[in-house]
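**Student:** Compute the structure for the input listed below.
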Amino acid sequence: MLAEFPLNQAFTTAWFGLMTIVWLGWAQEAPSPRLRGLLGAGSVVGIALAALFGYAVYARWSDGSVLAGREAWFGVLVAVEVVVAGVGAVILARRGQGRWAAWWVALTVALHFIPLGLAILGDWSVVALGVVQTIGLLFVIGPLRRREGPTSAVVGPFMGATLLVFALAGAVVYVVRWGWPWVS
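**Tutor:** The predicted structure follows:
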């Protein structure tokens, strides 16, 4: 993330840390035995990033935001994302394809990063994240069709890892530009 304001950099880092936990947690629905330790370690790092940079969000709340004047559009984009993800998951479940819910939700999340980065945040790194995730999710369709069980076993680690990498990069950018997150 390359945010203009420290609040936005801190929030994105904290949010990606939190979403790392969510995706790595979903991966634990049917984890590969060799990934269990990494899923746990990644979750711990995600929790630490969410906590540290969550505090920075609190400390920098009045420092300005790229969302100023765009809050409504941000809300609309997130609402559309949630509705599309939820409706798609329900349709998949009703068609007996519930195992694809994780993949569908991941694709919806990945695709929402593109307009979020372009139109709302003005941050090409968020667009890049969405593109990387979308390409990765399209790439795994074939292997997912050949395996049984929930798609979360593959999609969860992929989404969690990409979000964790971007959260760590965001943390480095924040520290270099504005200092430690607990110092305002």
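
**Student:** Residue 145: neighbouring residues, count only.
**Tutor:** Neighbour count of residue 145, defined by other CB atoms under 10 Å: 9. In short, each C-beta sits where N, CA and C put it, glycine included.

**Student:** actually residue 156, sorry about that
**Tutor:** Neighbours of residue 156 (other CB under 10 Å): 25.

**Student:** go on, residue 79?
**Tutor:** Residue 79: 10 surrounding residues under other CB under 10 Å.

**Student:** ok, it - contacts?
**Tutor:** Contact analysis of residue 79 by CB atoms under 8 Å, 6 or more residues apart in numbering lists nothing.

**Student:** Look at it and give its secondary structure.
**Tutor:** At residue 79 the chain is in helix, as set by DSSP: H, G, I helix; E, B strand; the rest coil.

**Student:** Kindly provide the distance from it to residue 112.
**Tutor:** Between residue 79 and residue 112 the distance, using CB to CB, to the nearest Å, works out to 11 Å.

**Student:** What of residue 174?
**Tutor:** As judged by CB to CB, residue 174 and residue 112 stand 23 Å apart.

**Student:** These two: who's more crowded?
**Tutor:** Each of residue 174 and residue 112 has its neighbours counted (other CB under 10 Å); residue 174 has more, 24 against 19.

**Student:** nearest residue to the more buried one other than its sequence neighbours?
**Tutor:** By the measure of CB to CB, 6 or more residues apart in numbering, the closest residue to residue 174 outside its immediate chain neighbours is residue 9, 4.8 Å from it.
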